[in-house]
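Colleague: need a 3D model of the sequence below.
(2 chains)
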Protein chains: 2
Amino acid sequence: MGGSEIERLIQLLGRLPGLGPRSARRVALHLLKKRESLMRPLGTALHDAALAIKACSVCGNLDTVDPCGICTDTRRDPGLLCVVEDVDDLWAMERGRIFNGRYHVLGGTLSALDGVGPDELNLASLVRRVDAGGLREVIVATGATVDGQTTAHYIADRLAGRGVEVTRIAHGVPVGGELDWLDDGTLATALKARRAL
Amino acid sequence: MGGSEIERLIQLLGRLPGLGPRSARRVALHLLKKRESLMRPLGTALHDAALAIKACSVCGNLDTVDPCGICTDTRRDPGLLCVVEDVDDLWAMERGRIFNGRYHVLGGTLSALDGVGPDELNLASLVRRVDAGGLREVIVATGATVDGQTTAHYIADRLAGRGVEVTRIAHGVPVGGELDWLDDGTLATALKARRAL
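Modeller: Model prediction:
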């Protein structure tokens, strides 16, 4: 394979999500062909980001400052808190520009199968934020998976009686989606959650 | 997205083959979670490989030394030369441990569609290697694609009358397939069943 440096690079690339041994080799070769325009800049970007990016001690978002830019943004509604599983879910909400409150990143979902209990997630800090006051609504935006639903119900239980309304984002037919393409679970949920027109 | 460092990282990751914007975000987040075990080592590996790895001036293989380890390996048959499209094809041959000669990496195939002519490939250096003498057989192992076949016939024409036998790995390679995708058995069969062009 020509040098342990290549093998080491391929081995590390193969540990990235979505890349197997073959695609790791393809990526390595592509990088070696674009040494100045891609390989070195990527190496530098990795070091820069590893050094500069930290988790926000308030909400768990990733940013170069702590607290993060969203937590310190005074134009955002301080009474609204959206609870998400991970930072990529926060990114998805932000891309949509549909939410003007702040966030709380759990760092995953409760999972009996993977042995993830409440202590492994940022749940104690969520309760502390609610008890600190100033919030009127906590919107639970965990995924529509079994673990996501379990986590949502657990959060509703933990926050009950603490003077804050706990809501859940709706589940149903995706906008633009055709009924014929949907799984039975989504259809059943959409039917159950029907509202008056 | 929390910091231009993340955006820059995602933008560069999205330029890797096989990664789109969404998978680039997923990889970036995975890296930021495995900062010490994966992110920094990968950054270092990229810099190390960019610095250490060079193209062999004889055959075009990638290695830390020039000429490469294969070209200087005296246990290899000096009379056998295998012509491949790219370094990943060379890697595929080497993984199979089915060939004990040396290589010549073309750097692609002739392609009327993509405007790749003979001058864009390492063809002049191939002719020079043949004219330098010592070779008894050139095995053309370009892919079984239209461009790969065209390139093989072009090479046979260029090397005709230069005192070397030009052979082609056998069909047994699925039409439209790439060498790098094949299992070792198919590669070995194709190599053994090579015929005069």
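Colleague: against residue B:22, how distant is the residue positioned nearest the centre of chain A?
Modeller: By Cα atoms, centre = their mean, chain A has its centre lying nearest to residue A:86, at 2.2 Å. The spacing between residue A:86 and residue B:22, counted by Cβ to Cβ, to the nearest Å, is 14 Å. C-beta: built from backbone N, CA, C; applies to glycine.
Colleague: what's the answer for residue A:38, then?
Modeller: Counting by Cβ to Cβ - residue A:38 and residue B:22 are separated by 19 Å.
Colleague: ok, residue A:196 next?
Modeller: Separation of residue A:196 from residue B:22 (Cβ to Cβ): 36 Å.
Colleague: with neighbour numbers in mind, choose between these two.
Modeller: A count of neighbours by other Cβ atoms under 10 Å in any protein chain shown puts residue B:22 above the other of residue A:196 and residue B:22, at 13 against 3.
Colleague: can you pull out the strands in chain A?
Modeller: All strands of chain A, identified by DSSP state E, fall at A:54-55, A:62-63, A:80-84, A:102-105, A:137-140, A:165-168.
Colleague: tell me which residues of the lowest-mean-pLDDT helix or strand in chain A are tucked away?
Modeller: The weakest-scoring helix or strand in chain A, judged by mean pLDDT, DSSP states H and E, is helix A:184-192 (a mean of 81). Within helix A:184-192, the residues that count as buried by 16 or more other Cβ atoms under 10 Å in any protein chain shown are A:186, A:189, A:190.
Colleague: these two touch, right, the last one and residue A:170?
Modeller: Going back to what we said before, that points to residue A:190. No: in this structure, residue A:190 is not within contact of residue A:170 by Cβ atoms under 8 Å, at 9.1 Å.
Colleague: may I have the phi/psi pair for residue A:106?
Modeller: As for residue A:106, its main-chain torsions (degrees, to the nearest 10) stand at phi -70, psi -30.
Colleague: wait, what's in contact with it?
Modeller: By Cβ atoms under 8 Å, 6 or more residues apart in numbering or on different chains, the contact set of residue A:106 is A:60, A:83, A:84, A:85, A:86, A:121, A:122, A:123, A:126, A:142, A:151.
Colleague: coming back round to it: please work out which of the strands of chain A is packed deepest.
Modeller: Comparing those by mean neighbour count (mean count of other Cβ atoms under 10 Å in any protein chain shown), strand A:102-105 comes out on top with a mean of 25.
Colleague: can you list the low-confidence ranges for chain A?
Modeller: Scanning chain A for pLDDT under 70 picks out A:1-3.
Colleague: which residues are in contact with residue A:67?
Modeller: Residue A:67 makes contact with A:56, A:57, A:58, A:59 under the criterion Cβ under 8 Å, 6+ apart.
Colleague: and the furthest pair within those residues?
Modeller: Longest distance between any two of the contacts of residue A:67 is 8.5 Å, between A:57 and A:59; criterion Cβ to Cβ.
Colleague: neighbour count: those two, which is higher?
Modeller: Ranked by neighbour count (other Cβ under 10 Å), residue A:57 and residue A:59 place residue A:59 first, with 25 against 11.
Colleague: how near is the closest residue to that one other than its chain neighbours to residue B:86?
Modeller: Distances taken as Cβ to Cβ, 6 or more residues apart in numbering or on different chains place residue A:103 nearest to residue A:59, at 5.0 Å, with adjacent residues excluded. Relative to residue B:86, residue A:103 is positioned 46 Å away (Cβ to Cβ).
Colleague: now residue A:155
Modeller: Per Cβ to Cβ, residue A:155 is found 52 Å from residue B:86.
Colleague: hmm, back to that, wait, which of the buried residues of helix A:184-192 is closest to residue B:51?
Modeller: Lowest distance from residue B:51 to these (Cβ to Cβ) belongs to residue A:186, with 51.6 Å.
Colleague: ok, the closest one to residue A:178 distance?
Modeller: As judged by Cβ to Cβ, residue A:186 and residue A:178 stand 12 Å apart.
Colleague: spit out the contact partners of residue A:100.
Modeller: By Cβ under 8 Å, 6+ apart, the neighbours of residue A:100 are A:75, A:76, A:77, A:80.
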